[in-house]
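1. below is the sequence, then the predicted model.
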Amino acid sequence: MTTTSPPARRSDRAALRIALAGNPNAGKTTLFNRLTGSSAKVANHPGITVDIEEGRWALPARGVATLVDVPGAYSLSAHSSEERVAIAAIAGLPPCQRPNAVVVVADATELARHLYLVLQILELDLPSVLALTMVDRLERGGQDVDTDALSQALGVPVVRVCVHRDRGILELGRAIESVLAEGWRPAHRDPFPEPAPLHADVEAIAAAVPPDWHAQDPVRARALARWALLTSDEPDATSGLPPQLIAAAHARRTAAHAAGRDVDAEMIGARYAWIDERLRRFVRTAPGAGRTRSERVDDLLLHPVAGFTIFAALMTLVFQALFVGADPFIGWIEDGVAALAASVSGWLGDGLLRDFLVGGVIEGVGAVLVFLPQILLMFLFLGLLEDTGYMARIVFLMDRVMKSVGLHGRAFVPLMSGFACAVPAILATRTMERRRDRLLTMLVVPLMTCSARLPVYGLLIAALYPIGSERPLTQGLLMAAMYVFSVVVALAAAAVFGRTLLRGKQPPLVQQMPPYRLPNIGTVWKGMLRRAGVFVREAGTVILLCTIGMWALLSFPRELAPPVRGAFDAQRAEARAQAAEDPSDTTEARLVARLGAIDAEEEGARLRASWAGRLGHTLEPAIAPLGFDWEIGVGLIGAFAAREVFVSTMAIVYGLDGDQDETSVPLRVKLREQRRPDGTRVFTPRTILSLLVFFALACQCLSTLAAARRESGGYAWPLFMFGYMTVLAWVTSFVTYQGLGLLGVD
């Protein structure tokens with residue numbers, strides 16, 4: 001049906017809204033960035049874009065319009081959060097404003113799959129344009145799309161778009177202006193019938209759609225009825241649609257099931273039957289066209305044995321590169337921090353302000369910032385893997401494993417996000433349809449090795465195996481082992497919770513495999529800098545505040561009790577008296593050494609008497625079976641605010657516990673040199689491995705607990721998360737330390 005709209009007034013142009021919709025990985029966000037000059041996140045798996053992005057699109061003749069980047073969704077079935085947001089943004093459901101037109105983006109290489117969403121959107125009867133991406137890749141495979149036949153069948157203009165070659169951008173703008181000016185609405189010029197029983201169900205459910213949800217538009221009411229019918233498999237389904245609509249749809253589904261009908265098969269089958277019948281007319285294949293290069297590579301990378309082997313070898317090389325490639329830059333930062341500390345120390349002289357700035361701020365925060373090169377490299381490698389299309393293959397490989405432990409396939413997206421930070425990973429659980437799947441994923445996401453653990457791992461592994469040691473690959477292998485360990489424990493925890501607290505079955509994963517491509521260096525670079533910027537901001541805010549707090553706890557009270565201070569003064573007086581009685585050439589050197597040892601003992605006594613020292617001694621009986629002393633206990637206390645604070649706390653502890661002028665000694669070296677009063681090493685291989693295990697499993701992040709409380713809607717699940725992870729960390733660390741002792745490991 002074609003209608004004519006009056007020409008837009010100047011005031012209408014500013015309010016013009018155009019929705020940009022499509023499947024995940026269709027090139028939608030890349031097109032959005034090109035049209036608006038924005039820099040929204042581009043990725044190769046679903047669940048990246050959950051919120052709505054808006055930008056300004058300069059049309060050729062109508063001026064500037066608001067372009068709305070609708071979250072990517074495989075269908076408008078309102079199962080997941082992005083699908084609910086997509087429905088609201090496209091259909092104009094409260095609180096979203098209805099767009100004037102829709103640009104539907106579809107991947108030409110996966111046209112059959114993408115046309116399902118296209119048909120659902122066209123059912124809304126909005127002025128629409130179909131933008132075909134990846135046409136150049138289709139052509140390289142010996143195929144082509146007949147855009148005229150596709151346009152005639154759908155009843156909307158079809159435009160070929162190639163963003164990286166800047167093709168079709170102007171034509172897309174003109175097509176939108178054309179459908180807006182002519183009121184050209186989609187019309188299936190080819191028959192698209194629904195089975196009679198299904199049509200009766202849709203009409204009955206449409207009567208239950210509230211008027212404020214469809215604004216007296218029967219076409220939109222029937223579209224909402226179809227979505228409700230697909231998502232009302234449970235009477236309390238959380239699809240975001242009105243409860244009375246879900247109740248009406250559930251009643252029709254129940255009646256259909258009793259009559260032996262499969263409503264899902266009828267509705268989905270009708271659309272795919274229409275697509276399959278006409279696909280040969282839309283996509284033409286040249287004679288002799290064979291399998292694509294991506295398909296041939298996938299035979300190896302998706303193999304159940306070779307695929308996992310290649311993935312493990314690749315990640316080991318990546319982790320080894322974190323040490324070898326970042327070590328020179330870490331040394332430069334350590335030298336810079338030491339020079340700054342020495343300069344400030346010499347400028348200020350002795351006093352509380354000097355101790356605060358040097359021991360608290362510079363050395364504390366600097367000890368964390370030295371790991372920025374490793375974090376930059378980590379995000380660089382992850383960005384390259386993501387931009388080449390390999391990350392989607394990892395999702396596919398891991399889905400086989402996750403199904404066996406009760407996790408939904410989409411859980412891999414939050415779990416992978418957990419390698420960066422657990423907070424956005426918990427937010428990414430919104431992409432899953434059922435609360436059971438969201439809670440289960442939320443409980444195990446904090447077990448993934450986030451970037452906050454990387455400084456701790458880097459410090460401890462470097463203390464255990466210095467760069468340049470006789471074992472050149474040990475650092476990378478141990479780092480890779482920690483990441484594998486976190487994944488294995490997360491999957492094991494999911495298997496336990498999925499069979500006890502949160503039982504349920506998992507719907508299948510729908511995952512499109514993008515073609516392999518050269519990474520966009522600009523996109524990878526921006527993503528790396530954005531993620532690293534978050535770390536630097538935390539170092540300048542959260543970590544700084546926590547470091548200052550730990551410095552205060554370690555520095556006060558400033559004075560020792562009079563009897564203790566008097567005992568040290570007596571030792572100094574005795575040393576000077578003995579030196580005066582023996583005026584030999586070496587007396588002065590022995591006196592200096594003796595006084596230095598007394599000063600170190602006094603500083604150690606002052607540290608033990610500090611507020612943090614008292615807390616550490618209180619905690620020591622509980623952590624001694626893990627191989628930790630009270631000083632490590634002080635670091636663990638600070639790490640419960642943020643894991644990185646452990647590094648800065650250790651810098652303060654071992655900076656205060658000894659000669660304050662030794663600022664040039666890196667913290668990783670100080671750890672190797674620490675001795676107990678009996679002369680034994682503090683950080684032995686047993687202790688370091690036990691500490692690594694503890695940090696891998698303990699829930700030491702207040703931000704993670706706050707995000708879990710917000711997403712779960714209460715305190716019960718975050719408290720359970722904190723409790724089970726703390727117990728798991730203690731038990732596993734105990735087994736590690738004591739087990740290595742039984743094996744004779746020092």
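-> Ah, there it is.

2. what segments of the protein are strands?
-> For the chain, the strands defined by DSSP state E occupy 17-22, 53-59, 63-69, 101-107, 128-133, 143-145, 158-160, 283-285.

3. could I get those strands in a markdown table, plus columns for distance to Thr586, mean pLDDT and mean neighbour count?
-> The C-beta positions use only the backbone N, C-alpha and C, and glycine is treated the same way. What follows is the strands of the chain, written out as a markdown table (distance: least, CB to CB, whole Å; pLDDT from 0 to 100; neighbours: other CB atoms under 10 Å):
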| stretch | distance to Thr586 | mean pLDDT | mean neighbour count |
| --- | --- | --- | --- |
| strand 17-22 | 82 | 91 | 24 |
| strand 53-59 | 75 | 86 | 17 |
| strand 63-69 | 77 | 88 | 20 |
| strand 101-107 | 82 | 93 | 26 |
| strand 128-133 | 82 | 93 | 26 |
| strand 143-145 | 89 | 83 | 18 |
| strand 158-160 | 89 | 93 | 20 |
| strand 283-285 | 92 | 76 | 14 |
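
4. between those, which one is nearest to Ile637?
-> Within these, the stretch nearest Ile637 is strand 53-59; the backing value is 40.9 Å (CB to CB).

5. let's see that closest one as CSV, backbone CA atoms only.
-> These are the backbone C-alpha positions of strand 53-59, laid out as CSV (Å, rounded to 0.1, in the frame of the first residue of the first chain):
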residue,chain,number,x,y,z
GLU,A,53,23.2,4.9,20.6
GLU,A,54,22.1,8.1,18.8
GLY,A,55,23.9,10.3,16.3
ARG,A,56,23.3,13.0,13.7
TRP,A,57,23.1,11.9,10.1
ALA,A,58,23.3,14.7,7.4
LEU,A,59,20.9,13.6,4.7
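
6. sheet partners, orientation included, of that strand?
-> According to DSSP bridges, strand 53-59 has the following sheet partners: strand 63-69 (antiparallel).

7. what's the strand it pairs with in contact with?
-> Residues external to strand 63-69 that are found in contact with it (CB atoms under 8 Å, 6 or more residues apart in numbering): 13-20, 28-29, 32, 35-36, 40, 49, 52-59, 89, 99-100.

8. cool, and stretch 701-718?
-> Judged by CB under 8 Å, 6+ apart, the contacts made with stretch 701-718 from elsewhere in the structure are 422-423, 426-427, 429-430, 438-439, 442-443, 446, 450, 452, 640-643, 699, 721-722.

9. can I get the CA coordinates of it in PDB?
-> This file holds the C-alpha atoms of stretch 701-718, laid out as PDB (Å, rounded to 0.1, in the frame of the first residue of the first chain):
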ATOM      1  CA  CYS A 701      36.000  -6.300  44.400                       C
ATOM      2  CA  LEU A 702      33.400  -4.100  45.900                       C
ATOM      3  CA  SER A 703      32.300  -2.800  42.500                       C
ATOM      4  CA  THR A 704      31.500  -6.300  41.300                       C
ATOM      5  CA  LEU A 705      29.300  -6.900  44.400                       C
ATOM      6  CA  ALA A 706      27.500  -3.600  43.800                       C
ATOM      7  CA  ALA A 707      26.900  -4.500  40.100                       C
ATOM      8  CA  ALA A 708      25.600  -8.000  41.200                       C
ATOM      9  CA  ARG A 709      23.200  -6.400  43.700                       C
ATOM     10  CA  ARG A 710      21.900  -4.000  41.100                       C
ATOM     11  CA  GLU A 711      21.300  -6.700  38.400                       C
ATOM     12  CA  SER A 712      20.000  -9.400  40.800                       C
ATOM     13  CA  GLY A 713      17.600  -7.000  42.600                       C
ATOM     14  CA  GLY A 714      18.800  -7.600  46.100                       C
ATOM     15  CA  TYR A 715      21.600  -8.500  48.500                       C
ATOM     16  CA  ALA A 716      21.100 -12.200  48.800                       C
ATOM     17  CA  TRP A 717      22.900 -13.300  45.600                       C
ATOM     18  CA  PRO A 718      25.900 -10.900  46.100                       C
END
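
10. per-residue confidence averaged over it?
-> Averaging pLDDT along stretch 701-718 yields 82.

11. and that stretch, how far out from the chain middle?
-> Averaging C-alpha positions (CA atoms, centre = their mean, to the nearest Å) puts stretch 701-718 17 Å from its chain's average.

12. and for stretch 310-325?
-> Averaging C-alpha coordinates over stretch 310-325 and over its chain gives two centres that are 20 Å apart (CA atoms, centre = their mean).

13. ok, and for that stretch, which residues are buried?
-> By neighbour count with 16 or more other CB atoms under 10 Å, stretch 310-325 contains the buried residues Ile310, Phe311, Met315, Thr316, Val318, Phe319, Gln320, Ala321, Leu322, Phe323, Gly325.

14. so can I have TSV of those showing distance to Gly142?
-> Compiled in TSV, the buried residues of stretch 310-325 are given as follows (distance: CB to CB, whole Å):
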residue	distance to Gly142
Ile310	28
Phe311	31
Met315	35
Thr316	38
Val318	36
Phe319	40
Gln320	41
Ala321	39
Leu322	42
Phe323	46
Gly325	41
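
15. pLDDT-wise, what's the bottom of the residues you listed?
-> Note: of those, the lowest pLDDT belongs to Phe323, at 67.

16. residues contacting the closest residue to Gly325 other than its chain neighbours?
-> Taking CB to CB, 6 or more residues apart in numbering as the measure, Gly325 lies nearest to Leu377, with 5.7 Å between them; neighbours along the chain are not counted. Under the criterion of CB under 8 Å, 6+ apart, the contact list for Leu377 reads Ala321, Leu322, Gly325, Ala326.

17. same thing but at 10 Å, please
-> Val318, Phe319, Ala321, Leu322, Phe323, Val324, Gly325, Ala326, Phe329, Met528, Ala532 (CB atoms under 10 Å, 6 or more residues apart in numbering).

18. Gln738 now?
-> Pro625, Leu626, Gly627, Arg686, Ser690.

19. for Ser690, see how far away it is.
-> The span separating Gln738 from Ser690 equals 9 Å under the rule CB to CB, to the nearest Å.

20. please apply the same query to Ala19.
-> As defined by CB to CB, Ala19 lies at a distance of 54 Å from Ser690.

21. cool, Glu54 as well?
-> Counting by CB to CB, the gap between Glu54 and Ser690 amounts to 50 Å.

22. what does Gln120 give?
-> In this view, Gln120 and Ser690 are 54 Å apart by CB to CB.

23. ok, Gly458 next?
-> Computed with CB to CB, the distance linking Gly458 and Ser690 is 17 Å.

24. the more surrounded of the two?
-> The residue with more neighbours, out of Gly458 and Ser690, is Ser690; 27 against 23, by other CB atoms under 10 Å.

25. how about that one: what's its closest non-neighbour residue?
-> Leaving aside its sequence neighbours, Ser690 sits nearest to Tyr737 (CB to CB, 6+ apart; 4.0 Å).

26. any idea how far Val129 is from that neighbour?
-> Between Tyr737 and Val129 the distance is 64 Å, computed by CB to CB.

27. cool, Asp146 as well?
-> To Val129, Asp146 is 17 Å away according to CB to CB.

28. same thing with Lys670?
-> Counting by CB to CB - Lys670 and Val129 are separated by 64 Å.

29. go on, Ala452?
-> Per CB to CB, Ala452 is found 45 Å from Val129.

30. repeat that for Pro373.
-> From Pro373 over to Val129 the distance is 46 Å, taken as CB to CB.

31. and for Ala208?
-> Counting by CB to CB - Ala208 and Val129 are separated by 32 Å.

32. equivalent analysis for Leu35, please.
-> From Leu35 over to Val129 (counting by CB to CB), the distance is 13 Å.
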